[in-house]
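S.K.: Generate a structure from the sequence data that follows.
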Amino acid sequence: QEQLVESGGGSVQAGGTLRLSCKFSGRDFDAYTVGWFRQAPGKEREFVAAMRWTGGINFYGDFAKGRFTASRDNPRNMAYLQMNNLKPEDTGVYYCAVPFSYAAGFESAEDYRIWGQGTQVTVSS
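M.R.: Below you'll find the model as predicted:
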């Protein structure tokens with residue numbers, strides 16, 4: 001059964017850094033796009049970043065550009081989200097996800113079929 005498990009969340013002060021990890025259990029990880037989303041209390045799930053299966057082709061939400069970097073290690077079935085210069089508004093639960101094979105896009109949560117349980121990120125001012 002395919003599964004995603006996130007880790008690496010925590011509490012940091014503004015300006016701090018965190019590196020989130022996402023472990024995929026299953027086959028053919030290197031064939032999948034991996035997306036990152038976040039959800040703050042009372043808000044909808046928000047696109048953070050996506051990385052194509054080939055690596056080196058990343059897409060970011062506007063707020064993430066210049067601060068967040070997505071990467072992956074296909075042989076280890078791992079994906080990562082490096083977050084620098086964190087701000088209080090980055091607080092939320094962060095998820096990694098794998099999309100449906102037929103999904104044309106990658107910025108909508110509806111395009112994704114497998115989700116991890118999420119990891120909490122809290123940034124204090």
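
S.K.: make it CA atoms for all contacts and neighbour counts henceforth
M.R.: Noted.

S.K.: How far does stretch 100-110 sit from its chain's centre?
M.R.: Relative to the centre of its chain, stretch 100-110 is centred 14 Å away, using CA atoms, centre = their mean, to the nearest Å.

S.K.: Start and end of it, how far apart?
M.R.: 9 Å (CA to CA, to the nearest Å).

S.K.: Which positions in it come out as buried?
M.R.: Within stretch 100-110, the residues scored as buried using 16 or more other CA atoms under 10 Å are 100, 106-107, 109.

S.K.: Now intersect those with the helices, please.
M.R.: Within the buried residues of stretch 100-110, no residue falls in helices by DSSP state H.

S.K.: want to throw these into a markdown table with pLDDT?
M.R.: Converted to a markdown table, those look like this (pLDDT from 0 to 100):
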| residue | pLDDT |
| --- | --- |
| Phe100 | 89 |
| Phe106 | 90 |
| Glu107 | 94 |
| Ala109 | 95 |
